[in-house]
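Colleague: below are the sequence and a predicted model; questions follow.
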Amino acid sequence: MDIKVVWAGGAWQQCHREARMGAQSVTVACGALILFLTLTGATNPGFVVRITQAGLDYAHQQGIAVLKKELAQLKLPDFSGDFRIKVLGKVRYEISRLDLSGFQLPHSRISLVPNVGLKVSISNAYAKVNGNWRVKLLFIRDHGSFDVRVENVYVNINLKLGNDASGKPTIGTPYCSTRISNVRVRFSGRLGWLYNLFHKAIESKFRKILEGKVCDIVVKSVHSKLQPYVQTLPVTARIDAIAGVDYSLVAPPTATAQSLDVALKGEFFSLAHRSAVPFPPLALALPPDHDRMVYFGASSYFFNTAGFAYHAAGALVFEITDSMISNGVDFRLDTTTFSAFVPQLEEMYPDLRMKFRLSTPSAPFLNIGPGGLSLKPVVDIQAYAILPNSSLAPLFLLSLTGNVSAVINVNSGHIVGSLKMGRMKLSLKHSDVGTFQVESLQSIMNFFASSILLPRLNARLAQGFPLPMPKGIQLSNILVRFHQNFLLLGADVRSQPQG
């Protein structure tokens, strides 16, 4: 499988190059590649979330606080029974109006269970119970109150992690056990000698009731609190009016001895029409970093599907008109200015406004390596003269190639970025006004790219793309690193203040 995926990635890049060159066989080649990907069903994730032990410890603190509140609301049933005492006969007792003062959970930990999930262990927990009692023995009747000290409570919970048909994470409790080492009952009343005869039976009853109830509360809390919370992880997130991103799980979360890894599809798609991406995600192996609570691995596939989706939606088309040029610039976008570079314009289209339409013949393909993130876009620039009747007369078609680098960061849970233009090269693809020296247009095209086009792109990139996170989480202490074919983001987390 790995060999096929690597081959497919290389084949896509070759197909992409052929598309730029206008090769006649590109349709057949790309069609075969798409068919190959469909049949092999590549399942590598485009995005990986890694939760380290530190991150799990933080989540565990929040979960234990919730569980403590749930246990504090535990309702214990009334119960009664008989106890036979030699010579005296049968004692009938009734225990009622039980009130749990609250569980204290001083020691607990969460641990990773490789290939299974998570284990939560609670030790040395304790609680107090108050209530009323009533007893009957022959002609003796008495009643009063009591308190119970429940000590050395041990709870072990296994959490099984999975994903449902929609790609949302799931969490279950296949195993829960509770053991109580010590239950001490203290009665208030006149006949202490009598109560001491049957207190062990009552303590045993309390132990059995509490051991069953604690696990009931744990299972209920997982299903009513934890499961709905983890399902707030967005399966799809709307980016804007054009595209969304698919964050569905492609496999159940994987637990290792050091971390919990969640493999996500990590694929952008057009909202108007979702089509198959004609290139596969490569294998994504995060480095063994564990200094942050959570890591996000965004592969080049993740970013390149964004380019594919926006290109397929026709969103990578930009127009430059004279109104976009500030008044402080000493030239205008008209044939009078450009006749200095294309002399024919002065005779063929004198004193007319112009328009440039910029488009990409193919989706931009981004590369990520240890040195950073870069792309080499190919942009077609069609120049028009705007005739008096507002129709457009085509003038010439330029091809612009260049080197673009990117700066990536995280802001308010979004991946944000900005582009920086490097060297650009112009060539003439077609002219309706005759030949001219393309090199003479280099500086003016640099101006349009850096002063008009780039700010528009950066304004959109500053809005960012949302990271896959459940509700109520904030990131801090951000780390950004580049690796071969993927971007690594690390962060610590904290709960968002309510209100």
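Modeller: Received the coordinates, thanks. Numbering: from 1, shown residues only.
Colleague: would you map the helices across the stretch 101-250 of the chain?
Modeller: 192-221, 227-230 (DSSP state H, counting those that start in this stretch).
Colleague: so which of those helices is nearest P388?
Modeller: With respect to P388, and counting by Cβ to Cβ, the nearest of these is helix 227-230 at 63.4 Å. C-beta: built from backbone N, CA, C; applies to glycine.
Colleague: buried set for that closest one?
Modeller: 227, 229-230 (16 or more other Cβ atoms under 10 Å).
Colleague: now render these as CSV, adding pLDDT.
Modeller: Listed next are those as CSV, based on pLDDT from 0 to 100:
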residue, pLDDT
Q227, 91
Y229, 88
V230, 89
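Colleague: average pLDDT for the helix or strand encompassing V407, rounded please.
Modeller: According to DSSP states H and E, V407 maps onto strand 392-411. For strand 392-411, mean pLDDT is 93.
Colleague: what pairs with that strand, and is each one parallel or antiparallel?
Modeller: Here strand 392-411 has these sheet partners by DSSP bridges: strand 372-375 (antiparallel), strand 378-386 (antiparallel), strand 414-431 (antiparallel).
Colleague: F482 touches L366, doesn't it?
Modeller: No - F482 is beyond contact range of L366, at 11.8 Å (criterion: Cβ atoms under 8 Å).
Colleague: the two: which has the busier surroundings?
Modeller: L366 (19 against 15; other Cβ atoms under 10 Å).
Colleague: coming back round to it: closest one to G131 among the strands paired with strand 392-411?
Modeller: Proximity to G131 (Cβ to Cβ) singles out strand 414-431 among these, at 54.0 Å.
Colleague: tell me the buried residues in the closest one?
Modeller: Neighbour-count burial for strand 414-431, counted by 16+ other Cβ under 10 Å, picks out 414-419, 421, 424, 426, 431.
Colleague: about what we covered before: what's the closest of the helices of the stretch 101-250 of the chain to R353?
Modeller: Taking the helices of the stretch 101-250 of the chain one by one with Cβ to Cβ, helix 227-230 is closest: 56.9 Å.
Colleague: on that earlier part again, what is in contact with F482 and L366 at once?
Modeller: L373 (Cβ atoms under 8 Å, 6 or more residues apart in numbering).
Colleague: which among the strands paired with strand 392-411 is found nearest to L118?
Modeller: strand 414-431 (27.6 Å).
Colleague: check the gap between L398 and L387 for me.
Modeller: The gap separating L398 from L387 is 21 Å, by Cβ to Cβ, to the nearest Å.
Colleague: when the two are compared, which one has more neighbours?
Modeller: Each of L398 and L387 has its neighbours counted (other Cβ under 10 Å); L398 has more, 20 against 12.
Colleague: the more buried one is in contact with V438, isn't it?
Modeller: Yes - if you go by Cβ under 8 Å, L398 and V438 touch, sitting 6.8 Å apart.
Colleague: determine the residues that are contacts of both of these two.
Modeller: Both L398 and V438 are in contact with 426-428, where contact means Cβ under 8 Å, 6+ apart.
Colleague: can you tell me which strand in the protein is longest?
Modeller: Scanning the chain for the longest strand, with DSSP state E as the assignment, gives strand 140-163.
Colleague: mind checking which helix or strand H311 is in?
Modeller: Using DSSP H and E, H311 sits within helix 300-312.
Colleague: give me the low-pLDDT residue ranges for the stretch 151-300 of the chain?
Modeller: The stretch 151-300 of the chain contains residues with pLDDT under 70 at 189, 191-197.
Colleague: swap in the stretch 351-499 of the chain?
Modeller: 497-499.
Colleague: can you get me a residue count around F436?
Modeller: 17.
Colleague: phi, psi for the nearest residue to D322 once chain neighbours are set aside please.
Modeller: Spatial nearest neighbour of D322, chain neighbours left out: L333 (4.0 Å); criterion: Cβ to Cβ, 6 or more residues apart in numbering. Per-residue torsions, L333: phi -90, psi 80 (degrees, to the nearest 10).
Colleague: use 754 as the first number for this chain going forward.
Modeller: Taking 754 as the first residue, the last one we looked at is L1086.
Colleague: got a pLDDT number for L1086?
Modeller: pLDDT at L1086 comes out at 93.
Colleague: distance from the helix holding H1064 to the middle of the chain?
Modeller: Distance of helix 1053-1065 from its chain centroid, counting by Cα atoms, centre = their mean, to the nearest Å, is 18 Å.
Colleague: just to revisit the earlier point, could the strands paired with strand 1145-1164 be laid out in JSON lines, adding distance to S1196?
Modeller: As requested, those are exported to JSON lines (distance: least, Cβ to Cβ, whole Å):
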{"stretch": "strand 1125-1128", "distance to S1196": "23"}
{"stretch": "strand 1131-1139", "distance to S1196": "14"}
{"stretch": "strand 1167-1184", "distance to S1196": "10"}
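Colleague: and these: which comes nearest S1076?
Modeller: That would be strand 1131-1139 among the strands paired with strand 1145-1164, by Cβ to Cβ, at 11.6 Å.
Colleague: quick one: buried residues of that closest one?
Modeller: Within strand 1131-1139, the residues that count as buried by 16+ other Cβ under 10 Å are 1132-1139.
Colleague: which residues does that strand contact?
Modeller: Contacts of strand 1131-1139 (Cβ under 8 Å, 6+ apart): 773, 1088, 1091, 1098, 1102, 1105-1115, 1145-1154, 1182, 1198.
Colleague: quickly run through the sheet partners of the helix or strand that the helix holding H1064 is followed by, with directions.
Modeller: The helix or strand immediately downstream of helix 1053-1065 is strand 1070-1074, counting by DSSP H and E. Strand 1070-1074 sits in its sheet next to strand 1107-1112 (antiparallel), going by DSSP bridges.
Colleague: name the residues of the helix or strand following the partner strand that are buried.
Modeller: Counting by DSSP H and E, the element after strand 1107-1112 in chain order, helix or strand, is strand 1119-1122. For strand 1119-1122, burial by neighbour count (16+ other Cβ under 10 Å) applies to 1119-1121.
Colleague: now tabulate those residues in JSON lines and tack on distance to V1160.
Modeller: Putting the buried residues of strand 1119-1122 into JSON lines (distance: Cβ to Cβ, whole Å) gives the following:
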{"residue": "L1119", "distance to V1160": "13"}
{"residue": "N1120", "distance to V1160": "15"}
{"residue": "I1121", "distance to V1160": "13"}
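Colleague: just give me the closest of those to D1245.
Modeller: I1121 (23.8 Å).
Colleague: roughly how far does the closest one sit from G925?
Modeller: Relative to G925, and taking Cβ to Cβ, I1121 is found at 36 Å.
Colleague: same deal with R932?
Modeller: With Cβ to Cβ as the criterion, R932 and G925 are 22 Å apart.
Colleague: neighbour count winner among those two?
Modeller: Taking other Cβ under 10 Å, R932 and G925 do not tie; G925 has more neighbours (16 against 13).
Colleague: now for the residue nearest to that one when sequence neighbours are not counted, how many residues are close by?
Modeller: Nearest non-adjacent residue to G925, counting by Cβ to Cβ, 6+ apart: K913, 4.7 Å away. The number of residues packed near K913 is 16, by other Cβ under 10 Å.
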